[in-house]
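1. no FASTA, just this:
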């Protein structure tokens, strides 16, 4: 039964070139630790501006993965 | 009068490279059949993840086109 | 059982005089083909402007009607 | 490329006993015609009341399936 | 003062029979590790479909519990 | 004219077994006093948790009924 | 202090001709009993359809008025 | 069964000093008549401005309390 | 490149007779100064009430027009 | 007619002590230039954190004032 | 690259005196363990009521901080 | 005090190639006149379609910058 429980966390990734890269950075950084990543939904996108130019594209992602109810996992 | 009625349908396109391509795939697939496409609004974006990597960018689009009230058109 | 399934489609109607007319145009155009129309909810209203004047009132409507699962009906 | 395009339609199902049945009725009625149904999201739930009692549970579902850009499929 | 701080996490539970069971699975799996669970709000419900039939009911829940600011608790 | 005016109130019902029962409890309690109940929309669902178990399913409902503008009715 | 407390109720008015009339019907019916009505916000508009024609325009309004905390006023 | 039904009403309170006071005014005015008040959610906050200065802070609150289905209680 | 940048401003128009007139007043007042008005979306509608009667229909509109990045234009 | 047109602008104010002060700062700074300010709605509140402490309370406000269609006023 | 990934968690703080204190309690409790806290957005505010009086102000905050993909950090 | 007040304006940028370019066009056009641009949030994305092909990607951005309460600055 519990094997079908997923957890969703919210991350913000950043990139100098695109929102695709920004979101990919967030996902792949999380993927170094989390197993069974499944879907990442984009919930917000913005740009950081410096000196009138776009300095970074940022994407907020909701990332779902298999939930382990072991100690320390929350 | 009735010539100014538009219909809106919701499609999900997919691409290995970007949300622009994902949305374009949805629009151009629909364009093989539907005439007078006008505007496509993005209503949701996500990523499918496999083995900790982004496998596909997906875009949900609301696509408006001229409504023909002929039989079979709904 | 299946006779109580309804489908909802989204249309945009237009009128030079009012949003009531715009919505009515969308509904009555659809009514030439669809049977058992029931409720039309307004989900968006805007105005097209030309030369600083209102050229058209437009209403987006969600229209529900009895769903026929026969071929070609989607 | 185009094989990965999905379409989403909105249906309302009804049941005397539960929202699960109401949603299932909508999905299975659609399944008689549509192939490759994938996900059905619940977007609204209500109850019809008669004589002060609940007469029906109704569920609105957004149903995604593989989009065929052939003629007549919109 | 800090004893009144709660944390909210988002889980997705699944069940072959109902959304009540799906949500209960998510809550009770979390309850094996987390103490002082308080409220679980439903934020989304959907169905997975296989071969035109409902294969699983899924519920997304926002679950609040007492927040421990000890190391490893985030 | 005034006979077509409806009022909407918001109630929260509770049940140990299901959201259907929770919503039905709210509707039928209201039905002891209010006449011409028509539609009850679900606007929120949650669960109360005690000792790591689901203690109650709760449903918030928007309930519409015929509005009587007589004294004391608001 | 308490003289500045307002209450908001939700009504649905109906009219054969326009949403302005539908909303006005709701407000003026309430005005027969309630004093110090102030603002009525439109929160939803729909149309009832019969035989493929618009039978009624309906407007849901949030109506604010001075709150009297006397018995029976809730 | 019916003892667990709650009703939610919407009030707007006002204060010259803070939104906390504005919300408290609404709650405590209601508390003179209503019993078993439980939770008050803030749904909107604004300020009334006179002569370029803030004249009042206003808070809209959704207030839940035990529902009595006796006559006159709606 | 910069010729395709549009700005959106939010106005509230008012009328004794209809929301169409209220929105038109906002648009045509703006049109005395702004060039290349394009679309006006309705984002909110309400009514001002005096002595239990509707005194004014008000419409909030989001109005888009060609953006001139010259001094003073923001 | 045009005297009843209002414009709405969005400002973000900041304060070391409270959201009331943050919003008041935004309103009173605007009041040095704009006449006939009327209502300021709070649309978002956040806190800036430095060294684990709250450094500033920030409030986003939608501020309405009488719209002058003279040159330079947009 | 990965150093620019942020995580967002949702906490609920509580205070007998104000929402500013409630939110500050949540942030500063988290700050005992988490480093590089950045922004805390308020997403909901309510009040707990006891005996017809406000017993506590509660604020729900979305708190962002630098994400460490080391083991145990999720 | 007043130096910490920011203003937010809404622009729509356009590009033949991507939403990143569309948003960048809006920001950099504004940057020719406005100083101290800070953050640009994406609030809507769509595509203009001509002859069944995507003709332009458009992004709506909310752009914040330091507010100068001098004359003409609104």
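-> Okay, I see it. No experiment lies behind these values; they were computed from the predicted model shown.
2. what ranges does chain A have for its helices?
-> A:19-31 (DSSP state H).
3. low-scoring stretches of it, by residue?
-> A:1-3, A:69-74 (pLDDT under 70).
4. could you rerun that using 80?
-> A:1-3, A:68-74 (pLDDT under 80).
5. around chain L, which positions in it sit nearby?
-> Contact residues (C-beta under 8 Å from any C-beta of the partner chain) of chain A with chain L: A:17-19, A:44-49, A:52-54, A:57. (Each C-beta comes from the backbone N, C-alpha and C, glycine too.)
6. so how far is chain H from residue A:65?
-> Distance, residue A:65 to chain H, by C-beta to the nearest C-beta, to the nearest Å: 32 Å.
7. could you measure from that residue over to chain I?
-> In terms of C-beta to the nearest C-beta, residue A:65 sits 38 Å off from chain I.
8. same question for residue A:60.
-> Counting by C-beta to the nearest C-beta, the gap from residue A:60 to chain I is 23 Å.
9. which residues touch that residue?
-> Going by C-beta atoms under 8 Å, 6 or more residues apart in numbering or on different chains, residue A:60 touches A:10, A:11, A:12, A:42, A:43, A:44, A:45, K:8.
10. of all those residues, which two lie farthest apart?
-> Greatest spacing in those, by C-beta to C-beta: A:45 and K:8 (14.6 Å).
11. where exactly do the strands run in chain A?
-> Here chain A has its strands, by DSSP state E, at A:6-15, A:37-50, A:53-66.
12. could you count how many residues lie near whichever residue of chain A sits closest to chain I?
-> As assessed by C-beta to the nearest C-beta, chain I sits closest to residue A:52 within chain A, at 11.3 Å. Using other C-beta atoms under 10 Å in any protein chain shown, residue A:52 is surrounded by 16 other residues.
13. verify the stated contact: it with residue L:37.
-> Yes - using C-beta atoms under 8 Å, residue A:52 makes contact with residue L:37 at a distance of 5.9 Å.
14. find the residues that touch each one of those two.
-> With C-beta under 8 Å, 6+ apart as the test, residue A:52 and residue L:37 both reach L:27, L:31.
15. not counting its neighbours along the chain, what's nearest the one residue in chain A that gets nearest to chain B?
-> In chain A, the residue that lies nearest chain B is residue A:31 (3.2 Å; C-beta to the nearest C-beta). Of all residues not flanking residue A:31 in the chain, residue B:52 sits nearest, at 3.2 Å (C-beta to C-beta, 6 or more residues apart in numbering or on different chains).
16. buried ones in stretch A:38-49?
-> Neighbour counts over stretch A:38-49 (16 or more other C-beta atoms under 10 Å in any protein chain shown) mark A:39, A:40, A:41, A:42, A:45, A:46, A:47, A:49 as buried.
17. residue contacts, the first one?
-> With contacts taken as C-beta under 8 Å, 6+ apart, residue A:39 has the following neighbours: A:63, A:64, B:46, B:47, B:48, B:49.
18. TSV please, covering those residues and showing distance to chain E.
-> Formatted as TSV, the contacts of residue A:39 follow (distance: C-beta to the nearest C-beta, whole Å):
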residue	distance to chain E
A:63	11
A:64	7
B:46	14
B:47	17
B:48	15
B:49	15
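19. quick check, nearest of those residues to chain K?
-> residue A:63 (9.8 Å).
20. just give the nearest non-adjacent residue to the closest one, would you?
-> residue A:40 (4.7 Å).
21. that neighbour contacts residue A:61, doesn't it?
-> Yes - with contact defined as C-beta under 8 Å, residue A:40 counts as touching residue A:61 (4.5 Å).
22. need the overlap of contacts for those two.
-> Common neighbours of residue A:40 and residue A:61 (C-beta under 8 Å, 6+ apart) are A:23, A:26, A:27, B:47.
23. give me the subset of the residues you listed touching chain H.
-> Among the shared contacts of residue A:40 and residue A:61, not one lies near chain H by C-beta under 8 Å from any C-beta.
24. quick check: closest non-adjacent residue to the residue in chain A positioned nearest to chain J.
-> The minimum distance from chain A to chain J, using C-beta to the nearest C-beta, falls at residue A:44 (12.6 Å). Nearest non-adjacent residue to residue A:44, counting by C-beta to C-beta, 6+ apart: residue A:60, 4.0 Å away.
25. and the one you found, bridged to which residues?
-> residue A:12, residue A:44 (DSSP bridges).
26. against chain F, how distant is it?
-> Counting by C-beta to the nearest C-beta - residue A:60 and chain F are separated by 24 Å.
27. export the strands of chain A to a markdown table and tack on distance to residue K:4?
-> Shown next, in a markdown table, are the strands of chain A (distance: least, C-beta to C-beta, whole Å):
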| stretch | distance to residue K:4 |
| --- | --- |
| strand A:6-15 | 4 |
| strand A:37-50 | 10 |
| strand A:53-66 | 8 |
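28. for those, which one sits closest to residue F:4?
-> strand A:37-50 (41.3 Å).
29. the closest one to helix A:19-31, inter-axis angle?
-> With axes from the mean of the first three to the mean of the last three C-alpha atoms, to 10 degrees defining the directions, strand A:37-50 sits at 130 degrees from helix A:19-31.
30. rewinding a little: the shared contacts of residue A:40 and residue A:61: which two are farthest apart?
-> A:26 and B:47 (9.8 Å).
31. tell me, what's touching these two both at once?
-> A:40, A:61.
32. just the buried residues of stretch A:38-49 now: which is nearest residue K:68?
-> Closest to residue K:68, out of all of the buried residues of stretch A:38-49 and judged by C-beta to C-beta, is residue A:40, at 18.9 Å.
33. tell me the contacts of that closest one?
-> A:23, A:26, A:27, A:61, A:62, A:63, A:64, B:46, B:47, B:49, B:54.
34. show me what it is bridged to.
-> Under the criterion used (DSSP bridges), residue A:40 bridges to residue A:63, residue B:47.
35. name the residue of chain A that lies nearest to chain L.
-> Closest point on chain A to chain L, by C-beta to the nearest C-beta, is residue A:52, at 3.2 Å.
36. tell me, how many residues neighbour residue A:9?
-> That count, for residue A:9 with other C-beta under 10 Å as the rule, works out to 19.
37. actually residue A:18, not the one I wrote
-> 17.
38. please tell me I have it right and it contacts residue A:57.
-> Yes - contact criterion C-beta under 8 Å: residue A:18 and residue A:57 qualify, at 5.8 Å.
39. what is in contact with these two at once?
-> Going by C-beta under 8 Å, 6+ apart, residues that sit against residue A:18 and also against residue A:57 are residue L:20.
40. got phi/psi on the closest residue to residue A:7 other than its chain neighbours?
-> Once flanking residues are discounted, residue A:7 sits nearest to residue A:67: 4.0 Å by C-beta to C-beta, 6+ apart. The phi/psi pair for residue A:67 (degrees, to the nearest 10) reads phi -90, psi 130.
41. coming back round to it: check contacts around the residue of chain A closest to chain B.
-> A:37, B:49, B:52, B:53.
42. same question for residue A:6.
-> Counted by C-beta under 8 Å, 6+ apart, residue A:6 has contacts A:38, A:64, A:65, A:66, A:67, E:11, E:12.
43. from the residues you listed, pick the one nearest chain G.
-> The nearest one, if we look at these relative to chain G and count by C-beta to the nearest C-beta, is residue E:12, at 30.4 Å.
44. what about the closest one, how many neighbours?
-> The local packing of residue E:12 (other C-beta under 10 Å) involves 23 other residues.
45. for residue A:26, see how far away the closest residue to chain D within chain A is.
-> Here chain A gets closest to chain D at one residue, residue A:39, 11.0 Å apart by C-beta to the nearest C-beta. Residue A:39 is 13 Å from residue A:26, where distance means C-beta to C-beta, to the nearest Å.
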